[in-house]
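**Student:** Sequence plus the predicted model coming up.
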Amino acid sequence: MRRLRRAKIVATVGPASSSPQMLKALFEAGVDTFRLNFSHGVQEDHARVHAAIRALEAETGRPIGILQDLQGPKIRVGVVRDGGLVVAPGDKIAFTLNGGSGEKDQIPLRHPEIFAAVEPGHQLLIDDGRVRVRVTSPGAERIEAEVLVGGVISNRKGVNLPGTVLDLSPLTEKDRADLAFGLELGVDWVALSFVQRASDVLEARGLIGDRAGVMSKIEKPAALDHIEEIIRLSDAIMVARGDLGVEIPHEDVPGRQKELIRACRLAVKPVIVATQMLDSMVAAPTPTRAEASDVATAIYDGADAVMLSAESATGAYPRETVEMMARIISSTERHKLYPQIIKATEPDVETTPPHAVAAAAADLAEAIGAPAIVAFTSSGTTAARIARKRPPIPILAMTTEVATARRLSLLWGAHSVLSDVVRTYDDMVEKAGACAIAEGFAKRADLIVVVCGIPFAVAGTTNNLRVVQL
């Protein structure tokens with residue numbers, strides 16, 4: 001099943017989409033990678049979905065990516081009086097570490113790392129920022145604060161701290177158990193919530209190794225301060241605009257999105273834009289025009305993938321939502337201004353042979369009108385280097401590794417195919433031509449561009465470029 005678009009679609013699986021029949025329908029509608037959200041459901045539910053996706057993969061003969069999204073630490077207030085406290089701007093309130101009656105001056109907040117880190121002037125955003133308070137007097141067991149934006153503080157509502165770096169691991173005990181479970185299943189990507197610093201990525205890498213790709217979710221302002229290191233240590237990035245939009249001003253989110261996409265292209269790392277892309281389609285069969293523009297903007301920015309959350313997990317129209325997203329992507333990529341915008345945001349090529357060869361392959365394929373660029377890749381890096389150029393020609397990524405083929409389902413423009421081991425140069429040329437024809441990318445007498453690394457099957461050795469007439 002060849003996609004006639006470059007950007008990929010990630011869909012979250014939930015009650016509305018977990019049946020084998022619906023998973024197949026969503027894949028046929030355009031899903032390239034399925035997201036298993038471990039903030040919801042139990043491990044047995046996710047195991048059933050994983051098995052159904054792998055069965056679908058075997059049935060269709062196409063690699064399908066599976067993304068495990070770990071919950072991460074959840075900071076919440078405790079139980080308050082009568083289930084909800086009404087606060088107004090200017091009110092004086094206090095949070096307590098131990099005990100607490102639930103009154104305004106004794107709101108339970110059982111997170112010692114907050115009491116150790118907050119300083120005067122720091123803000124606490126409660127219930128996605130519906131209530132905002134400013135710290136006036138921090139302490140080891142009591143934090144006094146003034147209400148800036150009033151509302152209702154209800155039981156166990158979430159708390160965001162945009163100006164505070166917490167001494168808190170992104171992996172809770174639950175996450176570690178879920179991670180071990182997901183790796184045993186064989187997930188392709190693991191998404192880390194609450195990443196604040198480079199050491200958070202290293203901690204996860206130590207547990208994951210090379211069994212799955214490590215994806216950092218950018219949802220904390222602290223992560224933006226260390227973004228170059230985080231991107232360098234990660235295999236992919238998710239622009240998690242939900243929490244990020246709570247902790248930084250809304251008007252800053254679009255610019256940050258563009259910066260993150262460009263930084264990932266420069267680093268040759270896939271990047272997903274996520275959260276509320278077609279949110280109205282949770283309950284309606286069509287999106288708003290603003291939502292359609294939001295998806296298109298991510299495509300114009302050069303994102304590798306766009307993601308559906310509640311729209312596909314719990315919405316009333318999961319298949320229609322995927323179809324709509326695929327239509328928006330395709331229409332955007334066909335627009336006459338798309339090539340110019342993508343070209344204008346193209347990062348400079350690094351001055352190394354592998355990057356130069358990949359960039360030359362993209363330029364050469366366009367110059368000769370090749371119908372495809374065939375990239376032999378063991379780790380996916382060769383295909384990613386070509387994809388960084390965002391060429392108008394499909395990238396046929398041939399790999400001997402099942403894990404690589406599945407991870408490439410997240411990469412812009414890549415159509416991954418499992419291949420036998422290539423042993424000689426002539427064997428490479430023959431396999432490239434046969435695959436390009438068999439997959440429907442080219443026909444006899446066409447010219448294709450073939451990229452590989454010699455010696456074969458050695459990751460990161462992109463050093464050979466050839467034009468082949470079929």
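**Tutor:** Structure's in. What do you need?

**Student:** quick one: low-confidence parts of this protein?
**Tutor:** Scanning the chain for pLDDT under 70 picks out 457, 459-460.

**Student:** domains in it, as residue ranges please.
**Tutor:** 8-72+169-332, 81-160, 353-469 (automatic domain parsing).

**Student:** With mean neighbour count added, can I get the ones you listed in TSV?
**Tutor:** Yep, even glycine has a C-beta here, placed from its N, CA and C like the rest. TSV is the format used below for the domains of the chain (neighbours: other C-beta atoms under 10 Å):
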stretch	mean neighbour count
domain 8-72+169-332	20
domain 81-160	17
domain 353-469	20
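
**Student:** correct me, but residue 423 touches residue 454?
**Tutor:** No. Taking C-beta atoms under 8 Å as the definition, residue 423 is not a contact partner of residue 454, at 11.7 Å.

**Student:** which SS class is residue 412?
**Tutor:** For residue 412, the assignment made with DSSP: H, G, I helix; E, B strand; the rest coil gives coil.

**Student:** try the one 5 residues further on
**Tutor:** In three-state terms, and counting by three-state DSSP, residue 417 is strand.

**Student:** circling back to that earlier point, out of the domains of the chain, nearest to residue 342?
**Tutor:** Among these, domain 353-469 comes nearest to residue 342, with 4.7 Å by C-beta to C-beta.

**Student:** how long is that closest one end to end?
**Tutor:** Criterion C-alpha to C-alpha, to the nearest Å; first-to-last residue distance in domain 353-469 is 25 Å.

**Student:** Show me what stretch 316-328 is in contact with.
**Tutor:** The contact list for stretch 316-328 (C-beta atoms under 8 Å, 6 or more residues apart in numbering) reads 5, 9, 11, 16-17, 22, 25-26, 29-31, 277-278, 281-287, 292, 295-296, 299, 306, 308, 311-312, 315.

**Student:** Could you tell me which of those are located in helices?
**Tutor:** The helices, defined by DSSP state H, take in 22, 25, 26, 29, 292, 295, 296, 299, 311, 312 from these.

**Student:** Nearest to residue 86 among those residues?
**Tutor:** Closest to residue 86, out of all of the ones in helices among the contacts of stretch 316-328 and judged by C-beta to C-beta, is residue 311, at 32.9 Å.

**Student:** Quickly note the distance from the closest one to residue 322.
**Tutor:** Distance, residue 311 to residue 322, by C-beta to C-beta, to the nearest Å: 8 Å.

**Student:** and if you look at residue 1?
**Tutor:** Relative to residue 322, residue 1 is positioned 14 Å away (C-beta to C-beta).

**Student:** One more: residue 294?
**Tutor:** According to C-beta to C-beta, residue 294 stands 16 Å off from residue 322.

**Student:** now the strands: where do they sit in the stretch 251-400 of the chain?
**Tutor:** Per DSSP state E, counting those that start in this stretch, the stretch 251-400 of the chain carries strands over the ranges 271-274, 305-308, 373-376, 395-399.

**Student:** So which other helices or strands are in contact with the longest one?
**Tutor:** Judged by 3 or more C-beta pairs under 8 Å, 6 or more residues apart in numbering; DSSP states H and E, strand 395-399 is in contact with strand 373-376, helix 381-387, strand 414-418, helix 425-438.

**Student:** Convert the C-alpha atoms of the second one to PDB, please.
**Tutor:** Meaning helix 381-387. Below are the C-alpha coordinates for helix 381-387, written out as PDB (Å, rounded to 0.1, in the frame of the first residue of the first chain):
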ATOM      1  CA  THR A 381      20.100   7.000   8.800                       C
ATOM      2  CA  THR A 382      20.700   7.100   5.100                       C
ATOM      3  CA  ALA A 383      17.000   7.500   4.400                       C
ATOM      4  CA  ALA A 384      16.700  10.200   7.000                       C
ATOM      5  CA  ARG A 385      19.600  12.200   5.500                       C
ATOM      6  CA  ILE A 386      17.800  12.200   2.200                       C
ATOM      7  CA  ALA A 387      14.500  13.000   3.800                       C
END
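
**Student:** Which other helices and strands does that helix contact?
**Tutor:** Using 3+ C-beta pairs under 8 Å, 6+ apart, helix 381-387 sits against helix 353-368, strand 373-376, strand 395-399, strand 414-418, strand 447-453, strand 462-469.

**Student:** strand partners of the last one, parallel vs antiparallel please.
**Tutor:** Okay, so that is strand 462-469. Using DSSP bridges, the strands paired with strand 462-469 in its sheet are strand 447-453 (antiparallel).

**Student:** Quick check: residue 114 touching residue 164?
**Tutor:** Yes. Counting by C-beta under 8 Å, residue 114 does reach residue 164; the two are 7.3 Å apart.

**Student:** distance of the closest residue to residue 372 other than its chain neighbours from residue 426?
**Tutor:** With sequence-adjacent residues excluded and distances taken as C-beta to C-beta, 6 or more residues apart in numbering, residue 372 is closest to residue 441, at 4.0 Å. Applying C-beta to C-beta, the value for residue 441 to residue 426 is 21 Å.

**Student:** Could you do residue 18 as well?
**Tutor:** Residue 18 is 47 Å from residue 426, where distance means C-beta to C-beta.

**Student:** what's the answer for residue 15, then?
**Tutor:** Counting by C-beta to C-beta, the gap from residue 15 to residue 426 is 53 Å.

**Student:** What of residue 265?
**Tutor:** 35 Å.

**Student:** And residue 321, how far from residue 284?
**Tutor:** Between residue 321 and residue 284 the computed distance is 10 Å (C-beta to C-beta).

**Student:** Over to the residue of the chain positioned farthest from its centre. Which of the three states is it?
**Tutor:** Relative to the centre of the chain, the most outlying C-alpha is that of residue 101, 40.9 Å out, by C-alpha atoms, centre = their mean. Look at residue 101: counting by three-state DSSP, its state is coil.

**Student:** show me what contacts the closest residue to it other than its chain neighbours?
**Tutor:** Excluding its sequence neighbours, the residue lying closest to residue 101 (C-beta to C-beta, 6+ apart) is residue 81, at 7.0 Å. Going by C-beta under 8 Å, 6+ apart, residue 81 touches 101, 102, 103.
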